[in-house]
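J.: Sequence isn't available, so here's the structure alone:
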């Protein structure tokens, strides 16, 4: 089942084109990767999908679909603890707070939830934001550069979380420059170049994808 269908998406900032005539679709229960140069428009595409910016074209979404978005850079107010942040994010989606579930999930993340989130390291902030998304129980998870700033243990853990979400029939879209990691996790990898998705890779090795990107750069 198609969760999102995008047709002829175009986004300009003034006279500067970022996305042009981009069409792509995402189905339920799959993991999608998105690769492209810095400034290629990956974050802009995510912002269009979640409704944070205007655009031309069409984005059709499954009705009542819940989206969780993990930005590349996470912001936390200076006087909010990890617990308070989780409570806020859960209530924002109209979900009931289950403290036992929160404690059980934090046994994996090992975060000092009583401390102010603004004092966390980059990797810890990313784990806290991801933990909030998981507690929201979304249908679609959009993860922008989720492996950046995360330690070795955290990267292994994140891979397992992504695969477990897929097993629950969730849909995940993640961007990364780590093609080998995307190839390991994703059903499809989309290459964003020249303002649009120029190719979707399926069942190719990392070396084949890298060679093709170099040939089409």
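T.: Structure received. None of the values given here were measured: they were computed from a predicted structure.

J.: domains of this protein?
T.: 2-65+139-215, 77-137 (automatic domain parsing).

J.: list the contacts for residue 29?
T.: Contacts of residue 29 were listed using C-beta atoms under 8 Å, 6 or more residues apart in numbering, and they are 166, 169, 170, 171. No exception for glycine: its C-beta is placed from N, CA and C like everyone else's.

J.: For those residues, give me TSV that also has neighbour count, secondary structure and pLDDT.
T.: Listed next are the contacts of residue 29 as TSV, based on neighbours: other C-beta atoms under 10 Å; DSSP: H, G, I helix; E, B strand; the rest coil; pLDDT from 0 to 100:
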residue	neighbour count	secondary structure	pLDDT
166	18	helix	96
169	11	coil	96
170	21	coil	96
171	25	strand	97
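
J.: Which strand or helix spans the one residue sitting closest to the centre of the chain?
T.: Here the mean C-alpha position of the chain is nearest to the C-alpha of residue 143 (C-alpha atoms, centre = their mean), at a distance of 1.4 Å. Assigned by DSSP states H and E, residue 143 belongs to strand 140-144.

J.: quick one: strands adjacent to that strand?
T.: Counting by DSSP bridges, the strands paired with strand 140-144 are strand 67-70 (parallel), strand 171-175 (parallel).

J.: any idea which of those is most buried?
T.: Highest mean neighbour count among those (mean count of other C-beta atoms under 10 Å): strand 171-175, with a mean of 25.

J.: and it, how far from the chain's centre?
T.: 5 Å (C-alpha atoms, centre = their mean, to the nearest Å).

J.: Just list what the following helix or strand past that strand packs against, helices and strands only.
T.: Scanning forward in sequence from strand 171-175 by DSSP H and E, the next helix or strand is helix 179-185. Counting by 3 or more C-beta pairs under 8 Å, 6 or more residues apart in numbering; DSSP states H and E, the packing neighbours recorded for helix 179-185 are strand 31-35, helix 152-167, strand 188-193, helix 206-215.

J.: Now with 10 Å, please.
T.: On a contact count with 3 or more C-beta pairs under 10 Å, 6 or more residues apart in numbering; DSSP states H and E, helix 179-185 meets strand 31-35, helix 152-167, strand 171-175, strand 188-193, strand 196-201, helix 206-215.

J.: got the ones you listed as JSON lines, with distance to residue 114 columns?
T.: Converted to JSON lines, these look like this (distance: least, C-beta to C-beta, whole Å):
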{"stretch": "strand 31-35", "distance to residue 114": "34"}
{"stretch": "helix 152-167", "distance to residue 114": "20"}
{"stretch": "strand 171-175", "distance to residue 114": "30"}
{"stretch": "strand 188-193", "distance to residue 114": "40"}
{"stretch": "strand 196-201", "distance to residue 114": "44"}
{"stretch": "helix 206-215", "distance to residue 114": "41"}
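
J.: just so I know, which of the ones you listed lies nearest residue 8?
T.: Evaluated over those, closeness to residue 8 peaks at strand 196-201, with 9.8 Å, by C-beta to C-beta.

J.: the inter-axis angle of the closest one versus helix 206-215?
T.: Angle of strand 196-201 versus helix 206-215, following axes from the mean of the first three to the mean of the last three C-alpha atoms, to 10 degrees, is 150 degrees.
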